[in-house]
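In: with the sequence up front, the predicted model follows.
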Amino acid sequence: MTTDATEAVFEVYDERFRAMVPDDAQIVRHHTGMDWAEGPVYFAEGDYVLWSDIPNDVILRYSDAEGVSVFRSPCGYTNGHYRDLEGRLLSCEHGGRRVSRTESDGTVVSLADNYEGKKLNSPNDLAVKSDGSIWFTDPPYGILSDRQGHKAESELGACYVFRLEPETGALEIVADDFDRPNGICFSPDESVLYVSDTGEPGHIRAFDVEDGRRLANGRVFAEVSPGKSDGFRADTDGNIFTSARDGIHVYSPQSELLGKILTPENAVANCCFGGPERNRLYIAADKSLYSVVLNAKGAQRP
Ligand code: MG
């Protein structure tokens, strides 16, 4: 069902990256024609990936066996996705201005849509910690216009990073000094949280996670260029695979740029690891969904 494959193009800056990329790697385009592809998430049961086409208000599904289909539309202009500890789909919804969960019977329930009575801006991306808490970013991209949601004023007047306990609904601010917080991901041992800022700073910051629930020692982790870091994932060694304008850039946990996976089209939004071996990187790149098989495995479970 793959549409076309071309030889993958890598830029190698470090021998550690050369070891991650097979000599004969192919980058495969699975689907194209979207307005803005975002938020891929992988389901090992069924070996498929879901992702958003935000302006078209649709979640799409791809598998090698069944190709591309519509998973849900309308979907509340979903952006980033993740899965909870039970494997249920979690979605950041621009339209609903909420984080939602899709139950096993397909019903969609709201987990958080306000902070102290004020509507969230438009949740963008999220990560689940091993204690079940959901950490998400809340920039204004879904309320700036009607293109990726519904134009509206911000009720919060700021863009926070939140921590949500889905069992109790308790929602707390864990970072309040971002312009437009966007991508978010834990290190494999959850000692570090990475959050990108696609506003004025345009970088990725790293924080120490204290007591499993507080952030400390915020520092700049990476200045991604060209473009900005919209979303990213960690491999099992803690390397960070982040979007950039020209593809995926790979950073070591020590902030070293190890190499780049260049995509055939610019403006990459996000990526996630998938495949039975967790070594297939799905890439949402502007109008298309790609994948490339690497010698690196994603840390995220399920
Ligand atoms: Mg994003």
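Out: Looks like it came in fine. Residues are numbered from 1 along each chain as shown.

In: so who does the spatially most central residue of the chain touch?
Out: With the centre of the chain defined as its mean C-alpha position, the nearest residue by Cα atoms, centre = their mean is G231, 4.4 Å away. When the contact criterion is Cβ atoms under 8 Å, 6 or more residues apart in numbering, the partners of G231 are E38, G39, G80, D125, N182, G183, S196, T242, S243, A269, N270, C271. C-beta coordinates here come from the backbone N, C-alpha and C atoms, glycine included.

In: flag every buried residue along stretch 18-32.
Out: For stretch 18-32, the neighbour count (16 or more other Cβ atoms under 10 Å) marks M20, V21, A25, I27, V28, R29, H30, H31, T32 as buried.

In: and the helix or strand of the chain with the lowest mean pLDDT, C-alpha only, in PDB?
Out: The weakest-scoring helix or strand in the chain, judged by mean pLDDT, DSSP states H and E, is strand 4-7 (a mean of 88). Listed next in PDB are the C-alpha coordinates belonging to strand 4-7 (Å, rounded to 0.1, in the frame of the first residue of the first chain):
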ATOM      1  CA  ASP A   4       6.400   5.700  -3.200                       C
ATOM      2  CA  ALA A   5       9.800   5.200  -1.700                       C
ATOM      3  CA  THR A   6      13.100   7.000  -2.300                       C
ATOM      4  CA  GLU A   7      16.500   6.700  -0.900                       C
END
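
In: what packs against whichever helix or strand comes after that strand?
Out: Once the chain leaves strand 4-7, the next helix or strand it forms, by DSSP states H and E, is strand 9-12. Using 3 or more Cβ pairs under 8 Å, 6 or more residues apart in numbering; DSSP states H and E as the contact criterion, the neighbours of strand 9-12 among helices and strands are strand 257-262.

In: how about the residues of this structure near the ion?
Out: The interface of the chain toward the ion, taken as Cβ under 5 Å from the ion, is made up of N124, D125, N182, D230, G231.

In: between these, which is closest to R219?
Out: Among these, N182 lies closest to R219 (Cβ to Cβ), at 17.5 Å.

In: for the closest one, helix, strand, or coil?
Out: strand (DSSP: H, G, I helix; E, B strand; the rest coil).

In: host element of R16?
Out: Using DSSP H and E, the secondary-structure element containing R16 is helix 15-18.

In: so after that helix, what's the next helix or strand?
Out: Using DSSP H and E, the next helix or strand after helix 15-18 towards the C-terminus is strand 26-31.

In: now the angle from that next one to strand 257-262?
Out: 50 degrees (axes from the mean of the first three to the mean of the last three Cα atoms, to 10 degrees).

In: tell me the strands beside strand 26-31, with direction?
Out: Strand 26-31 has the following sheet partners, assigned by DSSP bridges: strand 4-7 (antiparallel), strand 288-293 (antiparallel).

In: highest average neighbour count across those strands?
Out: For the strands paired with strand 26-31, the stretch with the most neighbours on average is strand 288-293, a mean of 23; neighbours defined as mean count of other Cβ atoms under 10 Å.

In: using PDB, write out every CA atom in it.
Out: Included here for strand 288-293 are C-alpha records, laid out as PDB according to Å, rounded to 0.1, in the frame of the first residue of the first chain:
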ATOM      1  CA  SER A 288       2.400  14.000   3.700                       C
ATOM      2  CA  LEU A 289       3.000  11.100   6.000                       C
ATOM      3  CA  TYR A 290       6.400   9.300   5.700                       C
ATOM      4  CA  SER A 291       8.200   6.600   7.500                       C
ATOM      5  CA  VAL A 292      11.800   5.400   7.600                       C
ATOM      6  CA  VAL A 293      13.200   2.300   9.300                       C
END
